[in-house]
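Undergrad: turn this into a model:
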Amino acid sequence: MRRYGRVDDNQKQIVHWLRQAGATVQSLATIGGGCPDLLVGFRDRNYLFEIKDGSKSPSARQLTPDETKWHAEWNGQVYVVERPEAALLIIGATNDASGMQ
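TA: Predicted coordinates:
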């Protein structure tokens with residue numbers, strides 16, 4: 001059984017850079033049931049992000065069965081994000097991401 005509230009190691013860094021860009025970020029990790037990890041608001045738009053750790057093997061970055069089901073049933077967009085740069089690109093942030101650490 002899945003332990004609710006578990007987050008990938010890179011989530012903190014992604015949240016940091018989203019907030020630096022001016023986005024608001026709400027963790028949804030405790031909801032479980034395949035619900036994405038983050039709700040992000042930027043320039044009057046909302047984004048759902050499923051965070052996967054890009055440093056893990058491809059098999060470890062796969063969506064879980066609950067996540068796959070949730071994504072398939074959701075009548076909106078949800079993005080799988082592995083890096084802060086990808087998150088900033090998705091929301092259309094204009095911050096220069098080259099200095100990320």
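
Undergrad: go through this structure and flag its longest strand.
TA: Residue-count comparison of every strand in the chain, with assignments taken from DSSP state E, identifies strand 45-51 as the longest.

Undergrad: just the element for Val40, please.
TA: Using DSSP states H and E, the secondary-structure element containing Val40 is strand 38-42.

Undergrad: so what strands line up beside that strand?
TA: Strands adjacent to strand 38-42 in the sheet, as given by DSSP bridges, are strand 24-27 (antiparallel), strand 45-51 (antiparallel).

Undergrad: any idea how far the first one is from the chain center?
TA: Shown here is strand 24-27, whose average C-alpha point lies 10 Å from the average C-alpha point of the whole chain (CA atoms, centre = their mean, to the nearest Å).

Undergrad: pLDDT of that strand, averaged?
TA: Strand 24-27 shows an average pLDDT of 97 in the prediction.

Undergrad: may I see the buried residues of the strand holding Val40?
TA: Neighbour-count burial for strand 38-42, counted by 16 or more other CB atoms under 10 Å, picks out Leu38, Leu39, Val40, Phe42. Glycine gets a C-beta too; all of them are placed from N, C-alpha and C.

Undergrad: and for stretch 66-82?
TA: When burial is assessed from 16+ other CB under 10 Å, stretch 66-82 yields the following buried residues: Glu67, Trp70, His71, Val78, Tyr79, Val80, Val81, Glu82.

Undergrad: nearest to Gly54, of those?
TA: Nearest to Gly54, judged by CB to CB, of the buried residues of stretch 66-82 is Glu82 at 3.4 Å.

Undergrad: and that closest one, how far is that from Ile14?
TA: As defined by CB to CB, to the nearest Å, Glu82 lies at a distance of 9 Å from Ile14.

Undergrad: how about Asp53: what's its closest non-neighbour residue?
TA: Distances taken as CB to CB, 6 or more residues apart in numbering place Asp8 nearest to Asp53, at 4.2 Å, with adjacent residues excluded.
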